[in-house]
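**Student:** Got a predicted model here, sequence first, then my questions.
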Amino acid sequence: NAGVMQNPRHLVRRRGQEARLRCSPMKGHSHVYWYRQLPEEGLKFMVYLQKENIIDESGMPKERFSAEFPKEGPSILRIQQVVRGDSAAYFCASSPTQYEQYFGPGTRLTVT
Amino acid sequence: SQQGEEDPQALSIQEGENATMNCSYKTSINNLQWYRQNSGRGLVHLILIRSNEREKHSGRLRVTLDTSKKSSSLLITASRAADTASYFCATDVTGRRALTFGSGTRLQVQP
């Protein structure tokens, strides 16, 4: 059973471009979480999704950020018109239940 | 503000010594988890302790939870250079599914 997969692992975007980050949960997991980590800090929750539904997006900026978890395919975190402050590591986690979350390797976004 | 706060922020010890890290949190929790993160890498789940448990062991790891003080500790015994990493506590807050992470303890184990 492959772990949580994220791609790309590294992404470089110029200011104003769009960034799309993908997350494939572990097989059988229908809960997906996105977190952001700034350098030297802990992870901060952004959004929690189940298949086709956003359950909790309280940690996600209201503008420029969106997330989806379609019936088929990976979960996508989309950042429009990126700014330097969006540079961070973005981690996805999945879980089958309300307990343990399994994390992917992360996508490191650099905005130049 | 952060739900979980680790203490100390950084810790440097010699190989073979024990390392103790503490975590405090603010609200009621379902469970508390500890994760390790090697520099520039993803998170590795270490151990989960439920709110009705007081102590849990896994190999060289020992976790305690005191819900009355809203605190937890992670003890790594007989540390090795490979234990060098950042360690985070994460709380699963009652009524929410998302984890709330502390700012981490950076552990350096000198060979």
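**Tutor:** Everything's here; your move.
**Student:** remind me which residues of chain A are low pLDDT?
**Tutor:** For chain A, applying pLDDT under 70 flags the ranges A:1, A:98-99.
**Student:** Where do the strands of it begin and end?
**Tutor:** Using DSSP state E, the strands found in chain A span residues A:5-7, A:10-13, A:19-24, A:31-37, A:43-50, A:53-56, A:65-68, A:75-79, A:88-95, A:102-103, A:107-111.
**Student:** Leaving out sequence neighbours, find the closest residue to the spatially most central residue of chain A.
**Tutor:** Centroid check for chain A by CA atoms, centre = their mean gives residue A:34 as the closest residue, at 3.9 Å. Computed as CB to CB, 6 or more residues apart in numbering or on different chains, the closest residue to residue A:34 that is not its neighbour in sequence is residue A:46, at 4.4 Å. To be clear about C-beta, it is placed using only N, CA and C from the backbone, and glycine gets the same treatment.
**Student:** do residue B:90 as well
**Tutor:** Using CB to CB, 6+ apart, the closest residue to residue B:90 is residue B:99 (4.1 Å).
**Student:** and chain A, which residues reach chain B?
**Tutor:** A:31, A:33, A:35, A:41-45, A:48, A:55-56, A:59, A:91, A:93, A:98-106, A:108 (CB under 8 Å from any CB of the partner chain).
**Student:** Please pull up the helix or strand immediately following the worst-scoring helix or strand of chain B on mean pLDDT.
**Tutor:** Using mean pLDDT, DSSP states H and E, strand B:5-7 stands out as the lowest-scoring helix or strand of chain B, at a mean of 81. Going down the chain from strand B:5-7, the next helix or strand is strand B:10-14, by DSSP states H and E.
**Student:** Which strands and helices lie in contact with that following strand?
**Tutor:** The helices and strands touching strand B:10-14, judged by 3 or more CB pairs under 8 Å, 6 or more residues apart in numbering or on different chains; DSSP states H and E, are strand B:19-24, strand B:105-110.
**Student:** Please save the CA atoms from the first one in PDB.
**Tutor:** Below are the C-alpha coordinates for strand B:19-24, written out as PDB (Å, rounded to 0.1, in the frame of the first residue of the first chain):
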ATOM      1  CA  ALA B  19      16.000  13.400  25.500                       C
ATOM      2  CA  THR B  20      12.800  14.800  27.000                       C
ATOM      3  CA  MET B  21      10.500  17.200  25.200                       C
ATOM      4  CA  ASN B  22       7.400  18.700  26.600                       C
ATOM      5  CA  CYS B  23       4.200  19.900  25.000                       C
ATOM      6  CA  SER B  24       1.400  22.100  26.400                       C
END
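**Student:** Now do it: which elements does it pack against?
**Tutor:** strand B:5-7, strand B:10-14, strand B:71-76, strand B:85-93, strand B:105-110.
**Student:** can you rerun that using 7 Å?
**Tutor:** Here strand B:19-24 touches strand B:5-7, strand B:10-14, strand B:71-76, going by 3 or more CB pairs under 7 Å, 6 or more residues apart in numbering or on different chains; DSSP states H and E.
**Student:** now the second one, how far from the centre of its chain.
**Tutor:** This points to strand B:10-14. 15 Å (CA atoms, centre = their mean, to the nearest Å).
**Student:** What pairs with that strand, parallel or antiparallel?
**Tutor:** According to DSSP bridges, strand B:10-14 forms sheet pairs with strand B:105-110 (parallel).
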